[in-house]
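Colleague: my questions concern the predicted model and sequence given below.
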Amino acid sequence: METSTVKQKSVPNLRPNQYKKTQTRKNYIIAYIFLLPWLIGFFSLVLGPMVSSLYLSFTKFDLLNPPEWIGLANYQDMFSDDKYWASVKVTLQFVFIAVPTQLIAALLVAVLLNKGIKGVGIYRTVYYLPSLLGGSVAIALLWKNLFGIDGIINQVLGFFGIAGQGWVSHPDYALGTIIILATWQFGASMVIFLAGLKQIPSELYEAAAVDGSSKVNTFFKITLPLLSPVIFFNLVIELIKSIQVFTSAYIISEGTGGPINSTLFYTLYLYQRGFSYFEMGFASAMAWVLVFVLGVMTIMIFLSSKFWVHYEDGGKL
Amino acid sequence: MNHRLSYSKVVTHGFIITLGVLMLYPVLWMVSSSIKPENLIFSSPGLWPKEITFNNYINGWNVVRDVSFGLFFKNSFIISVISVVANLITCSMAAYAFARLKFPLKKLWFACMLMTIMLPAHATLIPQYTIFHNLGWINTILPLTVPKLLATDGFFIFLMVQFFRGIPRELDESAIMDGCGVVKIYTRIIIPLAVPVLITTAIFTFIWTWDDFFSQILYLNTVDKFTVPLGLRLFLDSQGESSWGAVFAMSVLSMLPITLIFFTFQRYIVEGIATSGIKG
């Protein structure tokens, strides 16, 4: 009240209420100007395209001719397409193996590093470096070479008297090399785990030690529950990331998804149908199924979190 | 007792060091192979090159006739730098509105912004491509940079909102007393105090743009427009005769900018991941 009477003097022709109203309206306008780039982007590049890709998924569309409504035909084609199911299988195999392996490796190394070891900073850097470089074409090319017929993996195996083979060109092993590449990049999750471990009060561990709790018991009864919000966060992030893997599969299989579709990731097949064959209606249908499945998976993880994620402050964000 | 403790420490250290060496080995081997003569790459898994040559770099640099990696680096740098500047400006503007200003529908827009973080790029891919195609933007840098000018990287907005909320509101209030408006609070108080989160945003935007193979392969299709990742992909086509030395040489060069940034700004990167992880 006081301030408005003071300000009133500088704007004598307006009553306090009116002045306040124009002032708030002016502030709203300024706020929307700050938000404007994002708003334009949201409508033109996110919301609009989302709706329009749903529409396109019911059409035959090759970019050059106008889309032609064909109802559910794309979805029917998709669900009766062996190659489509191959891509689903490859992606799910990858997600269900690579995500847990990566998170477990990240957690174990983080626990080891958190033991008050000297030089944690250096180790943290060394372990993080693969995460920094791992998504690049350069590393994918390196992987293709390492696991090739005369790559160093086979030379090391040969040293132990084991006969190797062209791992990236064998349908049973090619996906495995990409899983190893993903696991190799556990460093980013590990850094997040390390930060989480530092938040756990040391009194809890002291109390556990006084009570004679074994190390394993302490890990399961104190470390894991208190770290569960961080595990939850890492799980969601890694799930979203790994379901969209593209670069490594593209480079290692030279864009084919082979041998025998063994590295035909969902996104790679979507790319082939959409941008090699220009079947954009089909690709849109694939995209929508991906969004739907990822959405269901995320919601399931969120719902399940009630049972295993423990929040110190009762779940307040 | 004491003896056993130090024994377990030695084992832990030994394990951590061995694992670290194993993890870095492939990258170090690639660096060393890039300066080995072609015929020695596959015969020696060791790190120390017996013979040193820079031929791989010379051969790799001119992977295709008429076009060299110099151009690819230039193209990559242009796209990455524009993306960094655009993200810094537009994401911080949106974040400022969300963190500090009052306006109608704020909650709705904030929820929409959070949703875009989780949304896979594929959901919007085909229509976006169609829009850019209709605008005649295919094979230009516009599809790779204009989205950043429109603050489509929700993750960074979220990161900044979290940071801006931590800046004491008393500072805003005293600025208002001094006669600062909404705009001046943004330029004079929030931005100068938010330098750490701005650096984190700049670094990650640069790294992610530099490595964004998927968008680049989608939108750039003639060699003169190619970026570094697309240049590296060219080696896939021209293989057959073994040119791994050249591949490694250019791969090492392609990772150099990111590695340099990492070692310069290590603190911001690691802190950035740790804090955003906890707050997420």
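Modeller: Sure thing, it's come through. Numbers count the residues shown, from 1 in each chain, chains lettered A, B, ... in the order given.

Colleague: just checking, A:Phe42 touches B:Cys112?
Modeller: Yes: assessed by Cβ atoms under 8 Å, A:Phe42 is found in contact with B:Cys112 at 6.1 Å. For the C-beta atoms, the positions are set from N, CA and C on the backbone; glycine is no exception.

Colleague: who has more neighbours out of those two?
Modeller: Comparing A:Phe42 with B:Cys112 by other Cβ atoms under 10 Å in any protein chain shown, the one with more neighbours is A:Phe42, at 22 against 17.

Colleague: once you drop chain neighbours, what's closest to the residue nearest the centre of chain B?
Modeller: Nearest to the geometric centre of chain B sits B:Ile207, at 1.4 Å (Cα atoms, centre = their mean). Once flanking residues are discounted, B:Ile207 sits nearest to B:Ile258: 5.4 Å by Cβ to Cβ, 6 or more residues apart in numbering or on different chains.

Colleague: same check on B:Met23?
Modeller: Nearest non-adjacent residue to B:Met23, counting by Cβ to Cβ, 6+ apart: A:Pro130, 5.9 Å away.

Colleague: what sits against the one you found?
Modeller: Contact analysis of A:Pro130 by Cβ atoms under 8 Å, 6 or more residues apart in numbering or on different chains lists A:139, A:184-187, B:23-24, B:27.

Colleague: the same query, at a cut-off of 10 Å, please.
Modeller: A:139, A:181, A:183-188, B:23-24, B:26-27 (Cβ atoms under 10 Å, 6 or more residues apart in numbering or on different chains).

Colleague: what's the farthest-apart pair in these?
Modeller: A:Ala188 and B:Pro26 (17.7 Å; Cβ to Cβ).

Colleague: just the buried residues of the contacts of A:Pro130.
Modeller: A:139, A:181, A:183-188, B:23, B:26-27 (16 or more other Cβ atoms under 10 Å in any protein chain shown).

Colleague: export these as TSV, with columns for secondary structure.
Modeller: Listed next are the buried ones among the contacts of A:Pro130 as TSV, based on DSSP: H, G, I helix; E, B strand; the rest coil:
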residue	secondary structure
A:Ile139	helix
A:Leu181	helix
A:Thr183	helix
A:Trp184	helix
A:Gln185	coil
A:Phe186	coil
A:Gly187	helix
A:Ala188	helix
B:Met23	helix
B:Pro26	helix
B:Val27	helix
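
Colleague: around A:Asp211, how many other residues sit close by?
Modeller: So A:Asp211, with other Cβ under 10 Å, has 9 neighbours.

Colleague: nope, B:Pro147 is what I meant
Modeller: 22.

Colleague: report the contact partners of A:Ser305.
Modeller: By Cβ under 10 Å, 6+ apart, A:Ser305 lies in contact with A:228-229, A:231-232, A:235-236, A:311, A:315.

Colleague: how does it look with 7 Å?
Modeller: A:Ser305 makes contacts with A:Phe232, as judged by Cβ atoms under 7 Å, 6 or more residues apart in numbering or on different chains.

Colleague: so how far is A:Ala249 from it?
Modeller: Noted for A:Ser305: a distance of 30 Å to A:Ala249, by Cβ to Cβ, to the nearest Å.

Colleague: verify the stated contact: the residue nearest to the centre of chain B with B:Leu260.
Modeller: No: at 11.3 Å, B:Ile207 does not count as touching B:Leu260 under the criterion of Cβ atoms under 7 Å.

Colleague: A:Leu141 reaches B:Leu232, doesn't it?
Modeller: Yes: judged on Cβ under 7 Å, A:Leu141 makes contact with B:Leu232 at a distance of 6.3 Å.

Colleague: is it fair to say A:Asp150 lies in a strand?
Modeller: No: per three-state DSSP, A:Asp150 lies outside any strand segment and is coil.
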